[in-house]
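K.L.:
quick one: sequence plus predicted model below, questions after.
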Amino acid sequence: MSKASIHPDESLLTAYSAGSLQLSQALCISAHVEHCPKCQQEVQRLNKLGSELMQRLKPAPTSEDLKASIMAKLDEVVESPEAERPVRADKSIPRCLHQFVNSGYQELAWKRVSPDIHSVELCRDSNGAKVELLRIKPGGAATTHTHLGDEYTVILEGSFSDESGLYRKGDFLLRDGSHRHRPVATQDGECICLAVTEGPIQFTGLFSRLLNPFIRRSYA
Amino acid sequence: MVSNKTSTDRMASLQSCMRKVAEDRDKAAFAELFDHYAPLIRAYSLAREPAADLVADELVQEVMMRIWLKASKYNARLSNLNTWVFTLARNCRIDYLRRNSRFVSEIDPTEMFNNIEDETPGPFQLVQQNRAQDNIRAGLEKLPQAQSEILTKVYLEGKSHQQTSEELKLPLGTVKSRVRLALKKLEVLVAR
């Protein structure tokens, strides 16, 4: 059995570097990359590759008017003040999530999903994908489920395991619709994950299957 | 074809323009940067949206203004100028697409793509990074056309692997394996 993958594969990293991923997917890659020196190095090189490909393009000449109008604006433009980065209260929160979380995960309006799980929706992407944080209590289990679309997960705190292996802080997981899994947080602490789901989750347990119509409605 | 010597001289003169813009707010130096980068930025935009001349001009304006404003933040020791401009252009393009798409995303990309550049690398990493850039440039020259074509689609046209496979009428697996092969040859992938 091969070791479970905890890094985004090269096609995801390439699309991230090229800027062609959905922002919700890029958010997950960014959260992982900040904690992963190996992927940082690869993204750096992918950016270099992008720049070399750009240099090899056949230049498309600009009009003299465009140049003149830009040159004329140089004295007027000033850097917008919000370009200054806010002070990071909690360095363990990835930079890309600071737009949703300021001082700590506890400040968020967590909602109880099950006795073991709380969640908070952060936002929706333009394709309807749901971006949320999940908090699983120590030893707590998520309901067995599959997905209609892909699910991207990055572990922000703690660790959990499922049928394929054990995952720790910073690890990145991609689960497609065919994947049926039941993550369980480890006993030693709470587990907080960033999760992006592109379609509604399908519960596969006997009882919780009854919930599916309700869950799906919340995506309408 | 441009020889190595000329391209090194060219880079050195662009770097010196950057310094003049940063330190002296030198407009003539900025005009030189404009002459080199603006047509490339325009080509980059047109690669994704052919015939969208207004979009391309807007991207040129956006990126050149950022170069002017952020010149003092650029550190020649830490990053290659071409790479710095590429990441600016890419970030502006992401921003533009976000602002102009029919379905608005609630996600702000500002802090999503710059989590790497400002870590301060040690001297060893710097040498390694410069060598990586040289390897990639030299490697691209030798890459079979089938592989460089796919990289161009993915990077410059912003196509997904799926779209690339449809356009080139190749199986998705072939697209993925060509990308992987090319990245290995260019030594972009760190040994896994």
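P.N.:
Ah, there it is.

K.L.:
my read is that B:A182 contacts B:T152, right?
P.N.:
No - assessed by CB atoms under 8 Å, B:A182 is found out of contact with B:T152, at 10.6 Å. Every C-beta, even on glycine, is put in place using the N, C-alpha and C of the backbone.

K.L.:
these two: which has the busier surroundings?
P.N.:
Of the pair B:A182 and B:T152, B:A182 is the one with more neighbours under other CB atoms under 10 Å in any protein chain shown, namely 24 against 17.

K.L.:
host element of the more buried one?
P.N.:
Assigned by DSSP states H and E, B:A182 belongs to helix B:172-185.

K.L.:
any low-confidence regions in chain A?
P.N.:
Chain A contains residues with pLDDT under 70 at A:1-5, A:80-89, A:143-148, A:177-180, A:199-220.

K.L.:
so which residues of chain A form helices?
P.N.:
A:10-18, A:23-34, A:37-55, A:64-73, A:212-217 (DSSP state H).

K.L.:
residue closest to the middle of chain A?
P.N.:
For chain A, the residue nearest the mean C-alpha position is A:C28 (1.9 Å; CA atoms, centre = their mean).

K.L.:
so what's that one closest to, chain neighbours aside?
P.N.:
Counting by CB to CB, 6 or more residues apart in numbering or on different chains, A:Y152 is the residue found nearest to A:C28 once chain neighbours are left out, at 4.3 Å.

K.L.:
give me the angle between the helix holding B:A182 and helix A:10-18.
P.N.:
70 degrees (axes from the mean of the first three to the mean of the last three CA atoms, to 10 degrees).

K.L.:
mind checking if helix B:172-185 is in reach of chain A?
P.N.:
Yes - using CB under 8 Å from any CB of the partner chain, helix B:172-185 reaches chain A at B:K176, B:V179, B:R180, B:L183.

K.L.:
are any of the residues you listed buried, and which?
P.N.:
Using 16 or more other CB atoms under 10 Å in any protein chain shown as the burial test, those include B:K176, B:V179, B:R180, B:L183 as buried.

K.L.:
looking at those, spot the one nearest B:S13.
P.N.:
B:L183 (31.1 Å; CB to CB).

K.L.:
just give the nearest non-adjacent residue to that closest one, would you?
P.N.:
B:L189 (4.9 Å).

K.L.:
so for the residue lying farthest from the centre of chain B, what's the pLDDT?
P.N.:
Here chain B reaches farthest from its C-alpha mean at B:P171, the gap being 27.4 Å by CA atoms, centre = their mean. We have a pLDDT of 95 for B:P171.

K.L.:
contact partners for it?
P.N.:
B:S165 (CB atoms under 8 Å, 6 or more residues apart in numbering or on different chains).

K.L.:
before we move on, back to that, reformat the buried ones among the residues of helix B:172-185 next to chain A as JSON lines; add distance to B:M18 and pLDDT.
P.N.:
Below are these laid out as JSON lines (distance: CB to CB, whole Å; pLDDT from 0 to 100):
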{"residue": "B:K176", "distance to B:M18": "37", "pLDDT": "91"}
{"residue": "B:V179", "distance to B:M18": "32", "pLDDT": "93"}
{"residue": "B:R180", "distance to B:M18": "35", "pLDDT": "92"}
{"residue": "B:L183", "distance to B:M18": "29", "pLDDT": "94"}
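
K.L.:
where does chain B dip in pLDDT?
P.N.:
Looking at chain B by pLDDT under 70, you get B:1-5, B:115-121, B:191-192.

K.L.:
hang on, the earlier thing: against A:A185, how distant is the residue nearest to the centre of chain A?
P.N.:
19 Å (CB to CB, to the nearest Å).

K.L.:
so B:V175 makes contact with B:Q163?
P.N.:
No - counting by CB under 8 Å, B:V175 stays clear of B:Q163, with 9.5 Å between them.
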